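*Asks:* Sequence and predicted structure, then a few things I'm wondering about:
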Amino acid sequence: MNASAKKSILFCLTLAVIGGTALALSHIKTSRRLGNPGVKATAIPGSMTMKISLPENAGGFTSSNISTSQGVLDFLPKDTSFAQRLYTAPDKMEVMANLILMGDDRTSIHRPDYCLPGQGWQIVDQASVKIPIAGTPGYELPVQKWTVHNSYTTPEGQKIPVSGLYVFWFVAENNETDDYTGIQKSILYHLIRHGVLERWAYASYFTLCAPGQEDATFARVKNLIADSVPEFQLPPAK
């Protein structure tokens, strides 16, 4: 077989692979269904979004509802659902909690390491930990605990260092993880194997603390998460 014939065969095979891949992707897109969320959500008639919420009181904290900023609404897909609350303890410690639920556009669930550096925070430590969640069944929730550093300038011009704790995880129906890359693999697997686009939610809790107080602060955030999660997140199947 001469070189010209080999090139022709290779070209034809390449076209066949490209065509087959495009056909498979087209079939998946048209035949797939959107999975159920792993958080408590209610359909909103006439809307692409769902009603989701965080508990008003948990772990000794009270809270106030925070409206999602227009900038966030404009940035994320229109079928993204949001819930946001500011939790306040009797000693004035504050924790901002966010819950984001994707719709048919999976780009609602973005990489966690994009936002913090963009706001001036330096990620100095990342740890995967598990938080026991009571209930039937009880389970251990895998979360990422990030320690971040920043500073602010007083009116007198003095720079004050500050630490922050960012705790987050992702949840879909009968599936929770603290690994963003794992989400992408899971979505691909369920699309190909079952024709289902998993509906992931992204939960996060953020608070400030003085440098050196990170462990004590995390203990309180951990308690808040353990108490609030059963109120908005569905337990995994037995």
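*Replies:* Great, that's in hand.
*Asks:* State the mean pLDDT of stretch 207-219.
*Replies:* Taken as a whole, stretch 207-219 has a mean pLDDT of 97.
*Asks:* What of stretch 98-111?
*Replies:* On average, stretch 98-111 scores 92.
*Asks:* What ranges does this structure have for its helices?
*Replies:* For the chain, applying DSSP state H gives helices covering 3-31, 70-75, 112-118, 180-194, 214-232.
*Asks:* How about the contacts made by G60?
*Replies:* G60 makes contacts with 89-90, 223-224, as judged by CB atoms under 8 Å, 6 or more residues apart in numbering. All C-beta atoms are positioned from the backbone trio N, CA, C, and that covers glycine.
*Asks:* at 7 Å instead, please
*Replies:* Contacts for G60 (CB atoms under 7 Å, 6 or more residues apart in numbering) come out as A89.
*Asks:* any idea how far the closest residue to Q233 other than its chain neighbours is from S63?
*Replies:* Take Q233 and drop its neighbours on the chain: the residue closest to it by CB to CB, 6 or more residues apart in numbering is V39, 5.2 Å away. Separation of V39 from S63 (CB to CB, to the nearest Å) stands at 17 Å.
*Asks:* Just want to know which of the two has more residues nearby.
*Replies:* Neighbour count, other CB atoms under 10 Å: between V39 and S63, V39 has more, with 25 against 21.
*Asks:* Now do the more buried one, the pLDDT please.
*Replies:* 97.
*Asks:* I figured it hits I52, correct?
*Replies:* Yes - between V39 and I52 there is a contact at 5.8 Å, judged by CB atoms under 7 Å.
*Asks:* Quick one: low-confidence residue ranges for this structure.
*Replies:* In the predicted model of the chain, residues 1-31, 238 satisfy pLDDT under 70.
*Asks:* quick one: contacts for the spatially most central residue of it?
*Replies:* The centroid of the chain falls nearest to Y202 when counting by CA atoms, centre = their mean (2.1 Å). With contact taken as CB under 7 Å, 6+ apart, Y202 is in contact with 100, 109, 168, 170.
*Asks:* Could you rerun that using 8 Å?
*Replies:* Y202 neighbours (CB under 8 Å, 6+ apart): 98-101, 108-110, 112, 168, 170.
*Asks:* Grab the nearest non-local neighbour of Y166.
*Replies:* Y166 sits nearest to W146 (CB to CB, 6+ apart), 4.4 Å away.
*Asks:* I'd like to know how many residues surround that neighbour.
*Replies:* By other CB under 10 Å, neighbour count at W146 equals 21.
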